[in-house]
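Trainee: task: produce atomic coordinates for the following.
(chains A and B)
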Amino acid sequence: MNFKIEKKLKGSLGRVGVLSTPHGDIHTPAFVTVGTKATVKSITPEQVRDSGAEVVLGNTYHLYLQPGDEIVRDAGGIGKFMNWHGPTMTDSGGFQVFSLGAAYGKDISKVTKITDPSLLIPERFDDSDAPRLAKIGQDGVSFKSHLDGSIHYITPEKSIQIQHNLGADIIFAFDECTSPAEDTKYQEEALERTHMWAKRSLEEHKRLCAEEKASLAGSLSESVDSALPLGSSACETPRQRTFPSALFGIVQGGRDENLRKKSATFIGQLDFDGFGIGGSFAKEDMSTAVKWVNEILPEEKPRHLLGIGEPEDLFMGIENGVDLFDCVLPTRLGRNGMIYTKKGKVNITNTKYRTDFNPIEKDCECYTCKNYTCAYIAHLFHGKEMLAGSLATMHNLHFIVNLVKNIRESILGDTFFDYKEEFLKKYSK
RNA sequence: GCGUCGGUGGUAGAGUGGUCAAUUACAACAGACUGUAAAUCUGUCGCCUCCGGGCUACGAAGGUUCGAAUCCUUCCCGACGCA
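Mentor: As a prediction, the model looks like this:
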């Protein structure tokens, strides 16, 4: 993997670059499409590509449980398995520590609206207090499968091993994504753990890379004998597998300035190929948190703001030195009938769209807008037709991916701040 | 014509003397969603409301009762059976 910065945004941390992977280049800043279970829900890889997306992010925990990382490995890696030929990433399962742990059964998200300190969790609840599917220990995390209830213990080493089997180009260190409701004392404790796990993830990654390099050299010398034996069953034939070429460490620290800086310093000094910025934020302080971190992280390496992706967040992140974003919103909102437009989000299932025979946006170049009306899409949603979610997803993905592309262009054309102001003025009206 | 069973809110369909403005599902309406437990979830869903409550309602009209969607009478409508 190679990262080259092409241009910097004057007066800020922002930059434009190209991240090269074995499966192609990613033009940064870029929006990474989320394909948790080796599929971007409701659309095909061709449709993902047509939306303009360059890279897809799968998930360690989900693919480990189903179909199993060894199957993905034998399929030739996540890209080949899902028929996505471009760059791929996998998240480590660290987010599931939050979503299946502290957030399980509760109405909390990693971007919180709670800024009132009195609503923070003053002390850790006893484990029996609330049902959780993820329980954190010093060494790793015990997950109770949401699919069948079976118990799985994921350590940093295990996460990295799974990710090497999944074979994405870029993988992430195993971390603990904390809840925004946790107090500073807990955030500090969790941060120590995440740092320890970061080192262990890195060591395991290096060990596996060395192993893979050795086995690859070995298999090359034997390649003369590699023809398939007669009668071998196709389904038992492992395809040539792919290996991760980069490991990103993850900065945590919640909403605390000292912890964020401490984490950026610690993680930034380790020999990672790039960095994820994880954990929870409040909308209001997200920009300062990102700035604290990116001022410290080594400039020449890429930074990925994990799980963030509302339009205003993208401007904020890019201005503050973020190169990559991933977010489930465009796909999830799409399936739920919420559509991105330049004038803000609209709920296509609202009554007024039943008789609106215009496309979602007349000047939108996406497949959905070029071929279908609001009335038709509304009809599909009301009829609970599968195509509804697909068409909405294609539009939303195109909207967000192209927004980031436009921002990239605006930096190259020295119009970033004008573009930002113009866009947000219309969008938030 | 006789008999039997039935007629409940937009729909289907519970309830068969007070705890019923009426279970539930669907439809409708609105909202939420940030490293996907998510094609999911939440709220509203007779009318009015100073959100305390008030009013009108279970085919129609009477009646019994402290009290009726629920019991009785008549009528109207529907399904089925027998002539």
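Trainee: pretty sure A:Thr265 sits against A:Val293.
Mentor: No - counting by CB atoms under 8 Å, A:Thr265 does not reach A:Val293; the two are 9.6 Å apart. Using the backbone N, CA and C atoms, a C-beta is placed for each residue, glycine as well.
Trainee: chain neighbours aside, what residue packs nearest to A:Gly249?
Mentor: Counting by CB to CB, 6 or more residues apart in numbering, A:Gly249 lies nearest to A:Phe272, which is 3.8 Å off, once chain neighbours are set aside.
Trainee: all helices for the stretch 101-250 of chain A, in order.
Mentor: A:156-166, A:184-221 (DSSP state H, counting those that start in this stretch).
Trainee: export these to JSON lines and tack on distance to A:Gly279 and mean pLDDT?
Mentor: Output for the helices of the stretch 101-250 of chain A, formatted as JSON lines (distance: least, CB to CB, whole Å; pLDDT from 0 to 100):
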{"stretch": "helix A:156-166", "distance to A:Gly279": "17", "mean pLDDT": "98"}
{"stretch": "helix A:184-221", "distance to A:Gly279": "8", "mean pLDDT": "92"}
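Trainee: quick one: closest of the ones you listed to RNA strand B.
Mentor: The closest of the helices of the stretch 101-250 of chain A to RNA strand B is helix A:184-221. By CB to the nearest atom of the strand, the value is 9.0 Å.
Trainee: how about the closest one: buried residues?
Mentor: Using 16 or more other CB atoms under 10 Å as the test for burial, helix A:184-221 gives A:186-188, A:190-191, A:193-195, A:197-202, A:204-205, A:208, A:212.
Trainee: got the phi and psi for whichever residue of the stretch 1-150 of chain A sits closest to RNA strand B?
Mentor: Residue nearest to RNA strand B within the stretch 1-150 of chain A (CB to the nearest atom of the strand): A:Ser109, separated by 2.7 Å. Taking degrees, to the nearest 10, you get phi -120, psi 170 for the backbone angles of A:Ser109.
Trainee: and it, how many neighbours does it have?
Mentor: Summarising burial for A:Ser109: neighbours were counted as other CB atoms under 10 Å, giving 14.
Trainee: once you drop chain neighbours, what's closest to the residue nearest the centre of chain A?
Mentor: With distances taken as CA atoms, centre = their mean, the residue of chain A nearest its centroid is A:Asp326 (3.8 Å). Among residues not flanking A:Asp326 along the chain, A:Val32 sits closest, at 3.8 Å (CB to CB, 6+ apart).
Trainee: CA atoms only: put stretch A:307-322 into PDB for me.
Mentor: Output of stretch A:307-322 as PDB, limited to C-alpha atoms (Å, rounded to 0.1, in the frame of the first residue of the first chain):
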ATOM      1  CA  GLY A 307     -18.500   5.200  11.000                       C
ATOM      2  CA  ILE A 308     -19.000   8.900  10.200                       C
ATOM      3  CA  GLY A 309     -20.800  10.100   7.100                       C
ATOM      4  CA  GLU A 310     -23.500  12.800   7.300                       C
ATOM      5  CA  PRO A 311     -22.800  15.400   4.600                       C
ATOM      6  CA  GLU A 312     -21.900  18.100   7.200                       C
ATOM      7  CA  ASP A 313     -19.600  15.600   8.900                       C
ATOM      8  CA  LEU A 314     -17.800  14.900   5.600                       C
ATOM      9  CA  PHE A 315     -16.900  18.600   5.100                       C
ATOM     10  CA  MET A 316     -15.800  18.800   8.700                       C
ATOM     11  CA  GLY A 317     -13.700  15.700   8.500                       C
ATOM     12  CA  ILE A 318     -12.000  16.600   5.300                       C
ATOM     13  CA  GLU A 319     -11.200  20.100   6.500                       C
ATOM     14  CA  ASN A 320      -9.700  18.500   9.500                       C
ATOM     15  CA  GLY A 321      -7.400  16.100   7.700                       C
ATOM     16  CA  VAL A 322      -9.500  13.000   7.200                       C
END
